[in-house]
Structures are given as C-alpha cells and as structure tokens.
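Colleague: When you get a sec, could you give me coordinates for this:
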Amino acid sequence: MLRVDAKSSTGTVMYTGQANVIVYANQVTNVSLSLQPVQGSTGTVVIYVTWGTAPPAQWLDHLYNPVMTANSTIYEYGGVKQCQVIYDGTKYRMWYQGLVSSAGCYVLYAESNDGKAWVKMNNVQPVLSPGAMEWESGGVSPGAVMKDGEIYKMYYGGQNSSRTVWATGLALSTDGIHWERAVSQPVLAPTPNEYPGIVCNSVLKVNGTYFLYYHIGSNPRIYVATSSDGVNFQRYSGNPILSPSVSWETPGIYEPSVIYENNQFKMVYANNYDPASCLGMATSSDGLTGRKLPTILSSGIISRQEGGQAQVWLTRV
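Modeller: Predicted structure coming up:
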C-alpha cells in the first residue's frame, strides 16, 4: 500500500491519497494515484522511486567450528590448513594441506554432503606428494582446484628443497583423488623480482580464457596471469591488479579467492599479518580491472554459491 500526504509549509496535510502497488522484478510499475483535497484545491504529484543498494552480507562463524582438525598421523602432525573446496553437483570436495613434523607439506582430501561435516578420504594418505624435481621437492600445497569438463585440474604450490621459493605446477585427475602431473616444470615460476615466490589462490575458466590469481612478496599485492590452454600463462601487463589503499590493508593484501557469477568476477582477499584478520571484497567485469567494495568482512574464504547459500571455510593456524 502506497500512501501520499501533501503538506503545507507548516506541516498541515492539504491532500491525501493511497493506492495498492505491486512491484515485479525487472519491470517498471506504473501507479495512478489521486490526491483528494483535505482543504483547498486539487493538485497532482509525480513520484520517482530509486532502489537503494542492499547491505553487504554478514558472515557468521559456523556453530561447530572448526569443521576439520589435524590428527596424529605423520601427514597431519603439524596441522591442517589452506583448503580448496568445490561443489561437483553431488557433494563438496576439499583438498587441504597437511603439515608433517619436519615442516614439509602434502595435499590431502576430504568430502562432505553439506560443506560442514567432513570425512577424510584415501585413508588420510596424500593425494599429491612432493615431486622429484627440485622446485617441488620440499613440499606441495593445493593452490586452486577446478573441474574443467570431466577433468579435475589442480594448480598446486611447489616448494623447493630449502623451502624458500614457491612456484605453481599443474596436476590432472579424473576422480579428484588420483593425480598425475601435467608438466614437469611450473606453469608459473617466480622471476628474480618475485621472491619468495608465486602463491596461486584461484583459477577460473571464463569464455575460453583461464584466469590465474596469485600473490607474491613479503608485502604482497594481488596479480593475475591468463592462458588459452591452462598451461602456458602470460602475466597481465597491468599487474598488480589490487594493492593496499586503506589502513587495514597494510602492509599488504593476499590470498584472492575469486568466483565468476552473473557476468561478474567477485573477489574476496585478506590483509597480511594484521591482528584483525580482515577480508575485503572487489568486483570486476573483465577479471583484470575492477573496484573495491567499501566493506570489511570477517575472516574466511568465500566459495561459489550453491543452493542459494554461500559457504565459508576458515583456516586458522
């Protein structure tokens, strides 16, 4: 019900009227409303409606956090972190980093029907272990996992034997458990200006182009590289695509988590080493340039929405 009162300069109601209004999505609703005089002569009024912007979603910790803890096996003895989660249409799949007592790391795997209660699979054995090549002999970590047609692709982080430099490799799987390296060398290796290495966080395939989002440096910024085949990547000439611009983002921003939804790239990113552990959000129409939203979210990583709800998985170390 829409009611309009026309008042005089002293606040006295001069005319009044009301009408039933039904608003339909993506349609313009025309309303005819007659104002009847309370006193004085008749008149007309034109009303323009502007829809405001909905407030940002507020994230709340799941009541039964943490949803996964380390056990006493050798592959999780040092803890679990850095999970990557996708929904394949039937269940949630998680690849996560298991830390061993010697500070090396492996990729392990878990499944869930609701994204909250997780079952560790493969007898809590690694689904990807450090390789024979020097650049990944010190440890491996799940950088980004995507399903491209019927093939799972993992853009994993490889750490050298001294555990001082990270690069990004590619492994393929038909079931998400048994993985084979697609190439022996990194698909993206750090240059001398990118010490201590490249950490891949998200990979998307949009309109035939792969977008690989990563961060580098001790005071990190966010970068992107693109590819037509998912193997040979070119760094974007406009890198970094996101840098600190407000106080809570210093000394750097990192770990971009990106989805593509409704023709828009949506990124959630973290601040680096800040006690507040804040997250920010940015959007882009082309995946290369965009804008930050004026919000700070609670700690977590956003994933693609399923069933009308967005799930958040937290990693605390």
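
Colleague: Low-confidence ranges, the stretch 51-200 of the chain, go.
Modeller: 51-59, 102-103 (pLDDT under 70).

Colleague: 90 instead, please
Modeller: In the predicted model of the stretch 51-200 of the chain, residues 51-65, 72-73, 89, 101-104, 162-164, 192-196 satisfy pLDDT under 90.

Colleague: All the strands of it, residue numbers only.
Modeller: Applying DSSP state E, counting those that start in this stretch to the stretch 51-200 of the chain gives strands spanning 79-87, 92-99, 105-112, 118-120, 139-148, 151-159, 166-173, 180-181, 198-206.

Colleague: Would you map out the domains in this protein?
Modeller: 1-52, 188-304 (automatic domain parsing).

Colleague: Save these as CSV, and put in mean neighbour count and distance to T69 too.
Modeller: C-beta here means a position set from N, CA and C on the backbone, and glycine is covered the same way. Output for the domains of the chain, formatted as CSV (neighbours: other C-beta atoms under 10 Å; distance: least, C-beta to C-beta, whole Å):
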stretch, mean neighbour count, distance to T69
domain 1-52, 10, 42
domain 188-304, 17, 17
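
Colleague: Mean pLDDT lowest where, among these?
Modeller: Ranked on mean pLDDT, the bottom entry among the domains of the chain is domain 1-52, at a mean of 69.

Colleague: Isn't K205 up against G230?
Modeller: Yes: counting by C-beta atoms under 8 Å, G230 is a contact partner of K205 at 7.2 Å.

Colleague: Can you work out which residues contact both of those two?
Modeller: Residues touching both K205 and G230 (C-beta atoms under 8 Å, 6 or more residues apart in numbering): D148.

Colleague: Which strand residues bridge A19?
Modeller: A19 has these beta-bridge partners by DSSP bridges: L2.

Colleague: Can you tell me how far it is from D5?
Modeller: Separation of A19 from D5 (C-beta to C-beta, to the nearest Å): 13 Å.

Colleague: List just the one of the strands of the stretch 51-200 of the chain that sits closest to R235.
Modeller: Nearest to R235, of all the strands of the stretch 51-200 of the chain, is strand 198-206, at 9.9 Å by C-beta to C-beta.

Colleague: Pairing partners for the helix or strand following the closest one, with directions?
Modeller: Sequence order places strand 209-216 as the next helix or strand after strand 198-206, per DSSP states H and E. Partner strands for strand 209-216, per DSSP bridges, with pairing direction: strand 198-206 (antiparallel), strand 221-227 (antiparallel).

Colleague: contact partners of the longest one?
Modeller: The one in question is strand 198-206. Here strand 198-206 makes contact (C-beta under 8 Å, 6+ apart) with 143-144, 146, 148, 153, 155-157, 166-168, 188-190, 210-216, 230, 254-260, 265, 267, 287.
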